[in-house]
Structures are given as structure tokens and as C-alpha cells.
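Colleague: Using only what follows, build the 3D model:
(one chain, ligands or ions: 2)
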Amino acid sequence: MSVEQLEIDALRLKVEQLTEQLMQSEKLASLGQLAAGVAHEINNPIGYVASNLSSLSQYTDNLMMLIQQMSELLPIDKTYNLKQLSDFEYIKQDLPTLLAQSQAGLKRVIDIIIDLKDFSHLDDAEFIDIDLHLGIHSTLNIIDHELKYKAEVQKVFSDLPLVRCVPSQVNQVLLNLLLNAVQAFNKRGIIIISTGSNESWVWFSVKDNGPGIPEDKLEQIFQPFYTTKAKGQGTGLGLALSRSIIDKHLGVLEATSKLGFGSCFTVKLPRK
Ligand SMILES: Nc1ncnc2c1ncn2[C@@H]1O[C@H](COP(=O)(O)OP(=O)(O)OP(=O)(O)O)[C@@H](O)[C@H]1O
Ligand SMILES: [Mg+2]
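Modeller: Numbering: from 1, shown residues only. Ligands and ions are numbered 1, 2, ... in the order given. Here you go, the predicted model:
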């Protein structure tokens, strides 16, 4: 095969890889849009359910008071029979609990909606100044269900200055790093998310106590399609995409690891 042919093949491969990468990032972008759209649609009905529940709670208190006062006007044995019939004492005890639980559940749904909106930030293809901790919290809330059974997440946060970035993209990077960490665990593990800053950078890191990565693979893992996961479980694009996002931010995404002890991925974003 001629040198030209080899170069053409290499170029073709590169174009195919970049196209795949682009498709993946567009997929992520439309996933973000979908999430934001769903969050927006749910927001309205949840709003009036929350408001109705709060009125219901108030009305219930009033009704209970009314029943109490009316029952004092009736002969004792009649009141007793009526209350027995309707299971009144049980209802009186259970109602506030039911209402409080429903309100707590609803609050959780509302928090998730707010986080989904923060996470996908439809309107922010642009760079804005943000507090990284907000993005970390909303990302953690989004994948709480993935993490909670497989890992204990510890946070070691420092005071951070605002940092200029595209929040949805940085959230996406953190999501990839967290998913990689839990996916690497053979048993329940510990993930430590740390943050900090110096005169040049604002940074966060995701450290796990998983199996670690062989030293000679530490750069390879950032190449598109490099994966050790079973077919259909990983495309090998998470880190490649994450690095290209951080490159666009003029930042650094780097990894350190020790086999048998775990890995640490650090994202550094430039201070203004
Ligand atoms: N925290 C980690 N611990 C151990 N190995 C890791 C860790 N993070 C990444 N790796 C290794 O790097 C490889 C590439 O990661 P990357 O996120 O790019 O792709 P993937 O997770 O395999 O697939 P995808 O992210 O596309 O679903 C992984 O398959 C795994 O071998
Ligand atoms: Mg991955």
C-alpha cells in the first residue's frame, strides 16, 4: 500500500471518529434539551399541586377544629358512636402525616426539576460566571439514583471564586467522571469530590478507590473509542468528549491513578 493511501486511510478514520464524536455531543445536547423541556412541562402542574396541597393542609386543620367544636355540642354517646363509625381518631392522626409526606415528596420533585433546569441550561451555549458548587450539587442530584447504592460520596469543598464556563458542559464532564468512577467499582466504593483554587485555576476533582488504571493507559483513556467496558456498555467517548469540552474552556483535564488503589480526575478551569 502506498504512503498516500495510508495517509488517506488514516484521514478517513479520523474523519469518521470526529463525526461520531460530533454525533455524540449533539446527542448529549438534545438530551439536555429534552430534559429541560420535560422539566418545563412538569413545572406547571407541579406548581398548582403544591399550592393546592398547602391550601388542603390549611382547610384540613380548619375542618378538624370545626368537627371538634361541633362534637362538643352533641350528646357524648352520639359523638362517640359517630367517631367510632368514621374511624375519626385514626384519620385525625394520619391526615397530617399523609399531608406532610406528600409535601416532602413534592418538594423533592420540585428540587429535581430545578436541578434538571440548572443542569441542562438550555439558554447557555454561552460562557457565564458561575459558582462551581451549584453545578456539582445539581449534577449529584441528577445521578443520585445511580450513585447511592454503589458509592459513598464525600465532598471536600473550598471557598471558590466564580469561574467563567458553559455550565451545562462542565456539568456534563462531571457527570462523565462520576459515572466512570461508579462503573469502575467492583464493590461499593468511595468517591471524593474536592474543589479548590489558586491564582491560575479553579479546579474540581473526582477521586475514587476503585481498581485504578494501568500507567501505560493513562493517556489512552482520553482517546475516542478507548473503552474496557463490554460491548454495548460503553462507547469510549466519555473522556474524549470531556477533554474536548475542557480544552474549549482553555482548561486542563488530567488523570492520576494507582492500580489497586483508585483514580483521580482533575478539571482545572482558568481564572479570568
Ligand atoms: N475512574 C475510573 N477508574 C477506572 N477506569 C476508568 C475510570 N475512568 C475511566 N476509566 C477507563 O477509561 C475508559 C474510557 O472511559 P470513557 O469514559 O472515555 O469511556 P467509557 O466509560 O468506556 O464509555 P462511555 O463513557 O462512552 O460510556 C473506560 O472504559 C475505563 O477503562
Ligand atoms: Mg465513561
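Colleague: can we go C-alpha only for contacts and neighbour counts from here?
Modeller: Will do.
Colleague: Three-state assignment for P211, please.
Modeller: coil (DSSP: H, G, I helix; E, B strand; the rest coil).
Colleague: Then T256?
Modeller: From three-state DSSP, the assignment for T256 is strand.
Colleague: Now for whatever residue of the stretch 151-272 of the chain ends up closest to ligand 2: which residues touch it?
Modeller: Closest residue of the stretch 151-272 of the chain to ligand 2, CA to the ion: G238 (4.2 Å). G238 sits next to V173, N176 when contact means CA atoms under 8 Å, 6 or more residues apart in numbering.
Colleague: now do the one 4 residues further on
Modeller: Under the criterion of CA under 8 Å, 6+ apart, the neighbours of S242 are Q172, V173, N176, L253.
Colleague: wait, does the helix or strand harbouring it contact ligand 1?
Modeller: Per DSSP states H and E, S242 falls inside helix 238-248. Yes. Helix 238-248 lies within reach of ligand 1 by CA under 6 Å from any ligand atom, at G238, L239, A240.
Colleague: got the contact list for the second one?
Modeller: Under the criterion of CA under 8 Å, 6+ apart, the contact partners of L239 comprise V173, N176, L177, I221, F222, Q223, P224.
Colleague: The last one too?
Modeller: Under the criterion of CA under 8 Å, 6+ apart, the neighbours of A240 are I221, F222, Q223, P224.
Colleague: Next, give phi and psi for the last one.
Modeller: Read it as P224. Geometry field for P224 lists phi and psi as phi -60, psi 140, criterion degrees, to the nearest 10.
Colleague: That one and Q17 touch, don't they?
Modeller: Yes. Contact criterion CA atoms under 8 Å: P224 and Q17 qualify, at 7.1 Å.
Colleague: Those two - which one has more neighbours?
Modeller: P224 (19 against 15; other CA atoms under 10 Å).
Colleague: separation between C264 and G251?
Modeller: 17 Å (CA to CA, to the nearest Å).
Colleague: what's the answer for V182, then?
Modeller: 24 Å.
Colleague: So those two - more neighbours on which side?
Modeller: V182 (24 against 20).
Colleague: a strand runs through that one, doesn't it?
Modeller: No. Read with three-state DSSP, V182 is helix and lies in no strand.
Colleague: Just give the number of residues close to whichever residue of the stretch 51-200 of the chain sits closest to ligand 1.
Modeller: At 3.8 Å from ligand 1, A181 is the closest residue in the stretch 51-200 of the chain, using CA to the nearest ligand atom. Close neighbours of A181, defined as other CA under 10 Å, add up to 27.
Colleague: now the one 3 residues further on
Modeller: By the criterion of other CA under 10 Å, A184 has 20 neighbours.
Colleague: Nearest spatial neighbour of it, chain-adjacent residues omitted?
Modeller: G210 (6.0 Å; CA to CA, 6 or more residues apart in numbering).
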